[in-house]
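Asks: what follows is a predicted structure for the sequence shown.
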Amino acid sequence: MKVKYVLLVLALGAVVFVSGCQAADEPEVAGGVQEGDAVKVHYTGKLDDGTVFDSSEGRDPLQFIVGDGQVIPGFEEAVIGMQPGESKTVKIPADKAYGPHRKDLLAEVDRSEIQDDTELEVGQQLVLQHPSGNLVRVTVIDISETSVIVDANHPLAGKDLTFEIELVEIL
């Protein structure tokens, strides 16, 4: 039993030694993007049906600090470990994107609370003032003669998202 154990330790040691060796002219490869790094990425975001909902194509790359919550959690996780020039496609579930679609963020608003000259249509986005004084972006989902039903969920809430990501640079 001890002989097998010693052989296993020696074999593992050899694997670690060989994997740690590099040719003298070969540059050491860093671990890629880490939390706290500022990065620049190009990206294209798609829904399950292939519809592109956002892209940096034709624009400057998106710049953010990994771990600061500037982008959705699944996007941050996807760039960790990437090397400059590397590209990947990643599917981000709703819970790591904009969260589930919450029914408690639907509200019925009396039409009298909306400016009289506002033409309303389903799908339209409005900015309403919450009783707390905060401004809230909502989407009109139903209209009647006396009220308007609005949805304060992010438009991508409840959706799985697919991103094609290219790491341009670690700053």
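Replies: Great, that's in hand. Numbering: from 1, shown residues only.
Asks: could you use CA atoms for every contact and neighbour count after this?
Replies: Will do.
Asks: residue 106 contacts residue 148, correct?
Replies: No: in this structure, residue 106 is not within contact of residue 148 by C-alpha atoms under 8 Å, at 10.5 Å.
Asks: looking at the two, which is more packed in?
Replies: The neighbour comparison of residue 106 against residue 148 (other C-alpha atoms under 10 Å) goes to residue 148, with 21 against 17.
Asks: list the neighbouring strands of whatever helix or strand residue 137 lives in plus their orientation.
Replies: For residue 137, the enclosing helix or strand under DSSP states H and E is strand 135-143. Sheet neighbours of strand 135-143, with direction, are listed as strand 125-129 (antiparallel), strand 147-151 (antiparallel) (DSSP bridges).
Asks: which residues sit against that strand?
Replies: 120-130, 148-153 (C-alpha atoms under 8 Å, 6 or more residues apart in numbering).
Asks: let's see 6 Å
Replies: The contact list for strand 135-143 (C-alpha atoms under 6 Å, 6 or more residues apart in numbering) reads 122-129, 148-152.
Asks: redo the residues you listed as JSON lines? Include pLDDT and distance to residue 57.
Replies: Putting those into JSON lines (pLDDT from 0 to 100; distance: C-alpha to C-alpha, whole Å) gives the following:
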{"residue": "122", "pLDDT": "96", "distance to residue 57": "30"}
{"residue": "123", "pLDDT": "95", "distance to residue 57": "26"}
{"residue": "124", "pLDDT": "94", "distance to residue 57": "26"}
{"residue": "125", "pLDDT": "93", "distance to residue 57": "25"}
{"residue": "126", "pLDDT": "91", "distance to residue 57": "28"}
{"residue": "127", "pLDDT": "90", "distance to residue 57": "28"}
{"residue": "128", "pLDDT": "85", "distance to residue 57": "32"}
{"residue": "129", "pLDDT": "84", "distance to residue 57": "34"}
{"residue": "148", "pLDDT": "94", "distance to residue 57": "37"}
{"residue": "149", "pLDDT": "96", "distance to residue 57": "35"}
{"residue": "150", "pLDDT": "96", "distance to residue 57": "32"}
{"residue": "151", "pLDDT": "97", "distance to residue 57": "30"}
{"residue": "152", "pLDDT": "95", "distance to residue 57": "28"}
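Asks: what residue ranges in the protein score low on pLDDT?
Replies: Within the chain, the segments meeting pLDDT under 70 span 1-30.
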